[in-house]
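Participant: next comes the sequence, and after it the predicted model I'd like to discuss.
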Number of protein chains: 2
Amino acid sequence: MRLAQLSARSGVSAATIKYYLREGLLPPGRQVNATTAEYDEEHLRRLRLVRAMIQVGRVPVAKVREVLGHVDDDSLGRTIRLGAALWALPQVPEPDEDDEYVRAAHDEVGTLLDRLGWENAKQLTTISPAYRSLVVAVAAFRRLGYDWGAEVLAPYAELMHRTAVLDLDLLETQPSEPERIEFALLGAILNEPVLQALHRLAQEEESSRRYGFE
Amino acid sequence: MRLAQLSARSGVSAATIKYYLREGLLPPGRQVNATTAEYDEEHLRRLRLVRAMIQVGRVPVAKVREVLGHVDDDSLGRTIRLGAALWALPQVPEPDEDDEYVRAAHDEVGTLLDRLGWENAKQLTTISPAYRSLVVAVAAFRRLGYDWGAEVLAPYAELMHRTAVLDLDLLETQPSEPERIEFALLGAILNEPVLQALHRLAQEEESSRRYGFE
DNA sequence: AATGCTTGGATAGTGGCACTTACCAAGGAA
DNA sequence: TTCCTTGGTAAGTGCCACTATCCAAGCATT
């Protein structure tokens, strides 16, 4: 398959594919001669994954390169490789630890994890981007005067835990290791928009059940 | 309160506040004389809301102006005002209706809504951004060869519905109408990052319960 | 009154990012 | 030989969220 055909089958412009090649998001094709390179189905698949990350997941190009680097790193074990790929995904900026709201949010989230019995998550508080995102968002609520405490968060966390159980059950249905890695990555990138969309749709449904359309 | 003090209390630089004033994200202060303007607590609150939208919610400045325009529009009724504000939030690009994957995704989501009995949501399929986001994400999965059908989505949708019930119960605890509008907006902007962070934390927790840290 | 600081407002510039355009030499077909 | 196509490179584009620089008006101190 030539570059032009790769472009036609993926719907991505030839110039953009060249850009991705230059940026290392796609491995180079097999060079046939000085002016021709041959691409295969694996390139097409990788290109679609890249597009899904950039367009649906809004992952910056530099992050995509980093994530794919972890995915392709055969020297790492499964858990580490997956963790590295997921943790490279975009994050909120570092919380300012001197901020009083941030400190209060830390305490609140700690209380929440204790109450839920998430012992493993507790060990990740210093390194997990998910933990940091949670602290930033809770601090933002507090700064606006809303008391988004453990009592409010706990029922949400229970529901998210059930969601995670579904995620992992689904992951285990994937037949082989490389597929599980890609599937988990897609889950993080695409399933979150899916959940968000389902959430908003559910809000619209529930709201119109309670109050009608008016 | 002068602009410099507004800056100090919000942590937003004076130059950025001037930028927001220029862009219409903040109403102008009360002009005292040619070189002095006076701001109040309402300005500070609005500024924090704007920052929450831009920094945590990643809402573009133009969208923030649009959303706030709906929030402040007293001529609209409650449901409409809230709906307008929420629907102005960032969306995925329009799905390409000619794409075979998009058409298949439409069918799949339609089946899902039937199965769930979300009769109200079914009426929104042509206009709701949440519906469109869902179709785009499901189409992206299909394009990569994963059959993200109604059977897979239904249990997620059930959990999201319970989440929406929690959201609306919480909303009803807000004492007055303007507070409910702002609270609902914050819920859409900040609660989604909270849910996402809880989701990822729950995945990490569940994953380490099943497989250990290795 | 003179000096020097601060204030809010306007204008233009910055840096990052995701492309996109223009161009090039090499190769293949008519 | 002529012309088109190919993949690669360098420079440019458009957008966006700020940010730096000016400026004149006011206020305070000397």
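Facilitator: Happy to help now that I have it.
Participant: where does chain A dip in pLDDT?
Facilitator: For chain A, the stretches with pLDDT under 70 are A:90-92, A:213-214.
Participant: show me what from it comes close to DNA strand C.
Facilitator: Residues of chain A lying near DNA strand C by CB under 7 Å from any atom of the strand: A:13, A:15-16, A:18-19, A:33-36, A:54, A:60-62. For every residue, glycine as well, the C-beta is placed using N, CA and C.
Participant: quick check on these: which are buried?
Facilitator: A:I54 (16 or more other CB atoms under 10 Å in any protein chain shown).
Participant: mind listing which of the residues of chain A next to DNA strand C are in helices?
Facilitator: Using DSSP state H to define helices, the subset of these located there is A:15-16, A:18-19, A:61-62.
Participant: show the contacting residues for A:G110.
Facilitator: Contacts for A:G110 (CB atoms under 8 Å, 6 or more residues apart in numbering or on different chains) come out as A:122, A:125.
Participant: before we move on, the earlier item: so which of the ones in helices among the residues of chain A next to DNA strand C comes closest to chain B?
Facilitator: Closest approach between those and chain B, by CB to the nearest CB: A:T16, at 15.2 Å.
Participant: domain assignment for chain A?
Facilitator: Following automatic domain parsing, one finds the domains of chain A at A:3-87, A:100-211.
Participant: quick one: the longest one near DNA strand D?
Facilitator: No: no part of domain A:100-211 sits close enough to DNA strand D to count as contact by CB under 7 Å from any atom of the strand; the gap is at least 14.4 Å.
Participant: tell me how far that domain is from the chain's mean position?
Facilitator: 12 Å (CA atoms, centre = their mean, to the nearest Å).
Participant: so A:E206 sits right up against B:L171, yeah?
Facilitator: No: using CB atoms under 8 Å, A:E206 is not in contact with B:L171; the gap is 10.4 Å.
Participant: ok, those two, which is more surrounded?
Facilitator: A:E206 (22 against 18; other CB atoms under 10 Å in any protein chain shown).
Participant: quickly find the element holding that one.
Facilitator: Following DSSP states H and E, the helix or strand that holds A:E206 is helix A:192-211.
Participant: what segments of chain A are helices?
Facilitator: Counting by DSSP H, the helices of chain A are A:3-10, A:14-22, A:41-51, A:61-71, A:78-87, A:100-116, A:119-122, A:129-143, A:150-172, A:177-186, A:192-211.
Participant: out of these, which is the most enclosed?
Facilitator: A comparison of the helices of chain A by mean neighbour count, using mean count of other CB atoms under 10 Å in any protein chain shown, puts helix A:129-143 on top with a mean of 24.
Participant: so what secondary structure elements neighbour that one?
Facilitator: Helix A:129-143 sits against helix A:100-116, helix B:192-211, with contacts defined as 3 or more CB pairs under 8 Å, 6 or more residues apart in numbering or on different chains; DSSP states H and E.
Participant: okay, those helices in CSV with distance to B:S7 next?
Facilitator: Converted to CSV, the helices and strands packed on helix A:129-143 look like this (distance: least, CB to CB, whole Å):
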stretch, distance to B:S7
helix A:100-116, 17
helix B:192-211, 25
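Participant: before we move on, back to that, can you name the two of the residues of chain A next to DNA strand C that are farthest apart?
Facilitator: Distance extremes for the residues of chain A next to DNA strand C: the farthest pair is A:N33 and A:P60 at 34.8 Å, using CB to CB.
Participant: give the contact list for A:Y39.
Facilitator: Contact analysis of A:Y39 by CB under 8 Å, 6+ apart lists A:1-3, A:5-6, A:29-30.
Participant: for B:E206, see how far away it is.
Facilitator: Here the criterion is CB to CB, to the nearest Å. By it, A:Y39 lies 38 Å from B:E206.
Participant: same question for A:E23.
Facilitator: 34 Å.
Participant: out of the helices and strands packed on helix A:129-143, which gets nearest to B:P129?
Facilitator: Of the helices and strands packed on helix A:129-143, nearest to B:P129 by CB to CB is helix B:192-211, at 13.4 Å.
Participant: show me what that closest one is packed against.
Facilitator: Helices and strands touching helix B:192-211, as assessed by 3+ CB pairs under 8 Å, 6+ apart, comprise helix A:78-87, helix A:119-122, helix A:129-143, helix A:150-172, helix A:192-211.
Participant: which residues touch it?
Facilitator: By CB under 8 Å, 6+ apart, the residues outside helix B:192-211 that reach it are A:79, A:86, A:92, A:118, A:120-121, A:124, A:128-131, A:133-134, A:136-138, A:148, A:153, A:156-157, A:160-161, A:163-165, A:167-168, A:188, A:192, A:195-196, A:199, B:56-57, B:163.
Participant: same thing with stretch A:64-84?
Facilitator: A:23-25, A:46, A:50, A:53-54, A:59, A:85, A:88-89, A:177, A:180-182, A:184-185, B:207, B:211, B:213-214.
Participant: make it 6 Å
Facilitator: A:24-25, A:50, A:53, A:85, A:88, A:181, A:184, B:214 (CB atoms under 6 Å, 6 or more residues apart in numbering or on different chains).
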